[in-house]
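Visitor: No letters, just coordinates:
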């Protein structure tokens with residue numbers, strides 16, 4: 001059997017395993033969201049951190065808070081401009 005020349009691919013076995021898991025998680029998330037649509041969905045960029053970046057937890061929490069504040073502001077502005085009492 002032929003073996004894979006990992007050094008020529010530019011990515012390691014762990015990277016491939018991680019990408020495989022991320023693909024599976026993405027498919028499961030899409031399935032769950034389709035079955036149980038949320039009232040509001042806030043996305044955090046996939047490249048904001050990597051699998052073992054536990055030291056970035058405070059930054060990720062702050063990023064999540066900022067994204068949620070922005071989403072709530074947009075939601076409130078849309079409600080105010082399209083509600084029954086809008087000008």
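Guide: Now that the structure is in, tell me what you want to look at. Please read these numbers as outputs of a predicted model, since none were measured by experiment.

Visitor: so where do the helices sit in the protein?
Guide: Per DSSP state H, the chain carries helices over the ranges 6-9, 13-35, 57-82.

Visitor: how far is the longest one from where the chain is centred?
Guide: For helix 57-82, the gap between its own C-alpha mean and the chain's C-alpha mean amounts to 15 Å (Cα atoms, centre = their mean, to the nearest Å).

Visitor: what number of residues lie near residue 56?
Guide: 14 (other Cβ atoms under 10 Å). Just so you know, the C-beta spots here come from the backbone N, C-alpha and C atoms, and that holds for glycine as well.

Visitor: Nearest residue to it in space, ignoring adjacent ones along the chain?
Guide: residue 49 (4.7 Å; Cβ to Cβ, 6 or more residues apart in numbering).

Visitor: For the one you found, give me its contacts.
Guide: 56, 59-60 (Cβ atoms under 8 Å, 6 or more residues apart in numbering).

Visitor: repeat that with 10 Å
Guide: 55-57, 59-60, 63 (Cβ atoms under 10 Å, 6 or more residues apart in numbering).

Visitor: swap in residue 11?
Guide: 18-19.

Visitor: Could you list the low-pLDDT ranges of this protein?
Guide: 1, 6, 82-87 (pLDDT under 70).

Visitor: Apply 90 and report the result again.
Guide: Low-confidence segments of the chain, defined by pLDDT under 90: 1-19, 22, 38-41, 43-47, 49-52, 76-87.

Visitor: What is the neighbour count of residue 68?
Guide: Residue 68: 13 neighbours (other Cβ under 10 Å).

Visitor: same thing with residue 76?
Guide: Count around residue 76 with other Cβ under 10 Å applied: 10.

Visitor: now it: how far from residue 32?
Guide: Residue 76 sits 27 Å away from residue 32, taking Cβ to Cβ, to the nearest Å as the criterion.

Visitor: Please give the centre-to-centre distance between stretch 11-27 and its chain.
Guide: Relative to its chain's centre, stretch 11-27 lies at 15 Å (Cα atoms, centre = their mean).
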